[in-house]
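J.: what follows is a protein structure lacking sequence information:
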């Protein structure tokens, strides 16, 4: 990286960085598979995904000028056709619409999403999957991906009612795991789970009133943990159709946060198939 490869932005209304403008009010997720990546860790993972010609590519980068020297190795990992823009703190804050203390942004794009059946057929014979139904909180979404990556899951499956994992906050909370862990978001909850059942997955739905203690779940080559919406949890149609598990806890509390619960349950399942 040399100084002449950096492109100076001096006005917040410069059309070259229009996608970064007012990102808090105008998040790009859901618009032609584009998204905003924020922070050093996420930028590094996006660079790695781009270099590996994976599911994600970077279209442009926007940095606070005084952050450039400390990010040279990441910037150098992007191909030369990915423009890197730099701006002062005052100009950058004017672009994004608030004080961006991290000073690190990129515009990324997901290449495409394959059909559910084809996605499942790509999974290994021994597989651990986290499935979410109706997850609407972006913090929980990001934490679920981080948990799945930490405990060696092979993929995350989401039904069509879940929020988009590429929302800026979800991506940040996941510490970039959304860019490294294969995922698919489509179909209704029952269709999603039926497709996994057809491919030999032992499906366990997580509920405070589950029939089986999570510590007693038997090992299986293909295991799927299913978690539900933050408030009501999984519908009875799922709980009655598939095996249900619970995490024992002290009396007096209704349930654990879905992100916390998914981490505990994934830890137990990962241990069954010796992922950790």
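T.: Received it, and whenever you're ready, just let me know what you need. On a predicted model such as this, the values are computed, not experimentally measured, just so you know.
J.: and the contacts of stretch 57-69?
T.: With contacts defined as Cβ atoms under 8 Å, 6 or more residues apart in numbering, stretch 57-69 is touched by 1, 6, 9, 16-17, 19-20, 34, 37, 43, 46-47, 49-50, 71, 75, 78, 82-89, 92, 95, 100, 103-109, 111. Where C-beta positions appear, they are placed from N, C-alpha and C, glycine not excepted.
J.: in strands, which of those residues appear?
T.: 6, 34, 37, 84-87, 104-109 (DSSP state E).
J.: hmm, which of these are the buried ones?
T.: Using 16 or more other Cβ atoms under 10 Å as the burial test, those include 6, 37, 84-87, 104-109 as buried.
J.: show me the strands in the stretch 151-276 of the chain, by range?
T.: Assignment of strands within the stretch 151-276 of the chain using DSSP state E, counting those that start in this stretch yields the ranges 155-158, 183-185, 202-206, 212-213, 222-227, 243-246.
J.: take those and lay them out in CSV including mean neighbour count and mean pLDDT.
T.: Listed next are these as CSV, based on neighbours: other Cβ atoms under 10 Å; pLDDT from 0 to 100:
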stretch, mean neighbour count, mean pLDDT
strand 155-158, 24, 98
strand 183-185, 22, 96
strand 202-206, 23, 96
strand 212-213, 12, 96
strand 222-227, 25, 97
strand 243-246, 18, 94
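J.: quick one: closest of these to residue 275.
T.: strand 222-227 (9.9 Å; Cβ to Cβ).
J.: mind giving me the packing neighbours of the closest one?
T.: strand 127-132, helix 189-198, strand 202-206, helix 258-272 (3 or more Cβ pairs under 8 Å, 6 or more residues apart in numbering; DSSP states H and E).
J.: looking at this structure, which strand is longest?
T.: strand 56-64.
J.: average pLDDT for it?
T.: Mean per-residue pLDDT for strand 56-64: 96.
J.: from the chain's centroid, how far away is it?
T.: Its chain's C-alpha centre lies 18 Å from the corresponding centre of strand 56-64 when counted by Cα atoms, centre = their mean, to the nearest Å.
J.: let's number from 182 now, not from 1
T.: With 182 as the first residue, the last one maps to strand 237-245.
J.: quick check: angle from that strand to strand 215-219?
T.: 50 degrees (axes from the mean of the first three to the mean of the last three Cα atoms, to 10 degrees).
J.: between strand 285-291 and strand 237-245, find me the angle.
T.: 160 degrees.
J.: can you list the strands that strand 237-245 pairs with?
T.: Strand 237-245 pairs in its sheet with strand 265-268 (parallel), strand 285-291 (antiparallel), by DSSP bridges.
J.: how about CSV for those, with distance to residue 344 added?
T.: Shown next, in CSV, are the strands paired with strand 237-245 (distance: least, Cβ to Cβ, whole Å):
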stretch, distance to residue 344
strand 265-268, 29
strand 285-291, 15
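J.: now those strands in CSV, with distance to residue 378 and mean pLDDT?
T.: Formatted as CSV, the strands paired with strand 237-245 follow (distance: least, Cβ to Cβ, whole Å; pLDDT from 0 to 100):
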stretch, distance to residue 378, mean pLDDT
strand 265-268, 47, 97
strand 285-291, 27, 95
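J.: wait, which of these is closest to residue 303?
T.: Here strand 285-291 is closest among those (Cβ to Cβ), at 16.3 Å.
J.: chain center to the closest one: distance?
T.: 14 Å.
J.: who's in contact with it?
T.: 200-201, 204, 209, 213-221, 223-224, 227, 236-245, 248, 252, 277, 347, 360.
J.: out of the residues you listed, which are buried?
T.: 200-201, 204, 209, 214, 216-220, 223-224, 227, 236-239, 241-245, 252, 277, 347, 360.
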